[in-house]
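Engineer: quick one: sequence plus predicted model below, questions after.
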Amino acid sequence: AILGANGAGKTTLVKMMVGDTVPSNLGECKYFIHHNLRVAYVAQHSFHHVEQHLDSSPAAYIQWRFKDAYDKEKLESAGFKISDEE
């Protein structure tokens, strides 16, 4: 669990951990996520996660998303992709 006061950056931290966003000061800020770390979340306002799965049950969505032990939405996110420079 991640706990903190409103506005402390909890959601921003989680979004960086799952690859939904990157730091705004990438040149100054470096972060490392261990290759064995598995983090996933369904956002509080999760329409962007489930809008393509409205005809599926919650169980079917979770099974699709984490099939083969990988979070398909994380792998498809912009923050998780490796740039040409990297």
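Structural biologist: Thanks, I have the structure now.

Engineer: what about the chain, any weak spots by pLDDT?
Structural biologist: 40-49, 78-80 (pLDDT under 70).

Engineer: where exactly do the helices run in it?
Structural biologist: 10-18, 47-50, 58-65, 72-76 (DSSP state H).

Engineer: among the ones you listed, which comes closest to Val39?
Structural biologist: helix 10-18 (4.9 Å; CB to CB). (C-beta placed from N, C-alpha, C; glycine too.)

Engineer: related to what we said a few turns ago, the helices of the chain into TSV, with extra columns for mean neighbour count?
Structural biologist: Converted to TSV, the helices of the chain look like this (neighbours: other CB atoms under 10 Å):
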stretch	mean neighbour count
helix 10-18	16
helix 47-50	12
helix 58-65	13
helix 72-76	14
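
Engineer: closest one to Lys30 among those helices?
Structural biologist: helix 10-18 (11.7 Å).

Engineer: got the CA positions of that closest one in PDB?
Structural biologist: Extracted C-alpha coordinates of helix 10-18, given in PDB (Å, rounded to 0.1, in the frame of the first residue of the first chain):
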ATOM      1  CA  LYS A  10       1.200   9.000  -4.500                       C
ATOM      2  CA  THR A  11      -0.600   8.600  -7.900                       C
ATOM      3  CA  THR A  12       2.300  10.200  -9.700                       C
ATOM      4  CA  LEU A  13       4.700   7.600  -8.100                       C
ATOM      5  CA  VAL A  14       2.500   4.700  -9.000                       C
ATOM      6  CA  LYS A  15       2.100   6.000 -12.600                       C
ATOM      7  CA  MET A  16       5.900   6.100 -12.900                       C
ATOM      8  CA  MET A  17       6.300   2.700 -11.500                       C
ATOM      9  CA  VAL A  18       3.800   1.200 -14.000                       C
END
